[in-house]
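>>> Sequence plus the predicted model coming up.
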Amino acid sequence: DGGITQSPKYLFRKEGQNVTLSCEQNLNHDAMYWYRQDPGQGLRLIYYSQIVNDFQKGDIAEGYSVSREKKESFPLTVTSAQKNPTAFYLCASSISLLYEQYFGPGTRLTVT
Amino acid sequence: QKEVEQDPGPLSVPEGAIVSLNCTYSNSAFQYFMWYRQYSRKGPELLMYTYSSGNKEDGRFTAQVDKSSKYISLFIRDSQPSDSATYLCAMSASDYKLSFGAGTTVTVRA
C-alpha cells in the first residue's frame, strides 16, 4: 500500500530536549512538507522540500530543523529553542510543488 | 484579518440532511481550492480539489467556487454518521503554499 507514515503517534518529552519526528512516504513524491496544527487554528507550514538535499523555511520555521537525504524521508527535529512545541505535527507530500498534498496520520508531541 | 475564514461550528445535523460548509478568503490570487476531512486525532484526507471557479461533484460531495465573491462551499448530501469530522478548506495561488481555514466540526446524529 502506498502512503505516508509518521512515527511515533504520541511523543512525550521534557522541556529542553530535542526530539525528532519521522516521516516516510512510498508514493514516489518529490515534494514533502511539515505542518503544525493547534486547536482552533489552521495548519501552519514549518518547512518544505521540493527535492532531495533541498528544503525551505515555511511560515513558522524558528526552533525547527529538517533534512532531506532521501526522497522517501523528511524528518523534523523540534529543538529546545521552540518556545511552544506541544502540538499535532503533520507531514504531507505531493508529486511536486503545485500538486495536491496528501497527509500522514500525524504525531502528537507533548512537552512538559 | 485572517487570509481564510471558516466558521468553526460546531454544526450538528440529523442523518440524511444536507451539510453545507463554506469558507471566505481575501487573496484574489487564489485559484486552487481544496477540502479536507479530518477525523479526531488523524491526518487530513483530501476530499475535493478544484481549480478556478465552478462546481465539482464526487458522489455525495459537491464543491463550489465563486471567485467573484471569494467564497467556496462544500455540500454533503444524504449525510451519514461516518461523515462526522472536522472539515478544512485550503487554497493556494500559483505556488506550493496552502492557506488553511481553521476547520468546521460536523456531527451527524443517527
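Sure thing, it's come through.

>>> contacting residues for A:Y64?
Taking Cβ atoms under 8 Å, 6 or more residues apart in numbering or on different chains, we find A:Y64 in contact with A:W34, A:I46, A:Y47, A:L76, A:T77, A:V78, A:T79, A:Q82. (C-beta placed from N, C-alpha, C; glycine too.)

>>> Out of the residues you listed, give me the two with the largest separation.
Between any two of these, the greatest separation by Cβ to Cβ is 13.6 Å, found for A:W34 and A:T79.

>>> For the chain, just list every one of the strands.
Assuming you mean chain A. With DSSP state E as the criterion, chain A has strands at A:4-7, A:10-13, A:19-25, A:31-37, A:44-49, A:56-57, A:64-66, A:76-78, A:87-94, A:102-103, A:107-111.

>>> my bad, the chain I had in mind was chain B
Using DSSP E, the strands of chain B run over residues B:4-6, B:11-14, B:19-25, B:32-38, B:45-51, B:54-58, B:61-66, B:71-76, B:85-92, B:99-100, B:104-109.

>>> How about the contacts made by the nearest residue to A:F103 once chain neighbours are set aside?
Sequence neighbours aside, B:G43 is the residue nearest to A:F103 in space, at 3.9 Å (criterion: Cβ to Cβ, 6 or more residues apart in numbering or on different chains). Residues near B:G43 by Cβ under 8 Å, 6+ apart: A:I4, A:Q6, A:L90, A:F103, A:G104, A:P105, A:G106.

>>> Please repeat the previous calculation with a cut-off of 7 Å.
Contacts for B:G43 (Cβ atoms under 7 Å, 6 or more residues apart in numbering or on different chains) come out as A:L90, A:F103, A:G104, A:P105, A:G106.

>>> Ok, A:A87 next?
Residues in contact with A:A87 (Cβ under 7 Å, 6+ apart) are A:R36, A:Q37, A:D38, A:L109.

>>> what's in contact with stretch B:81-101?
Counting by Cβ under 7 Å, 6+ apart, the neighbours of stretch B:81-101 from elsewhere in the structure are A:31, A:42-43, A:45, A:48, A:97-98, A:101, B:3-6, B:15, B:19, B:21, B:23, B:25, B:27, B:29-39, B:44, B:72, B:74, B:76, B:103-108, B:110.

>>> Of those residues, keep whichever come out buried.
Of the members of these, the ones counted as buried by neighbours, 16 or more other Cβ atoms under 10 Å in any protein chain shown, are A:31, A:42-43, A:45, A:48, A:97, A:101, B:4, B:6, B:19, B:21, B:23, B:25, B:30-38, B:44, B:72, B:74, B:76, B:103-104, B:106, B:108.
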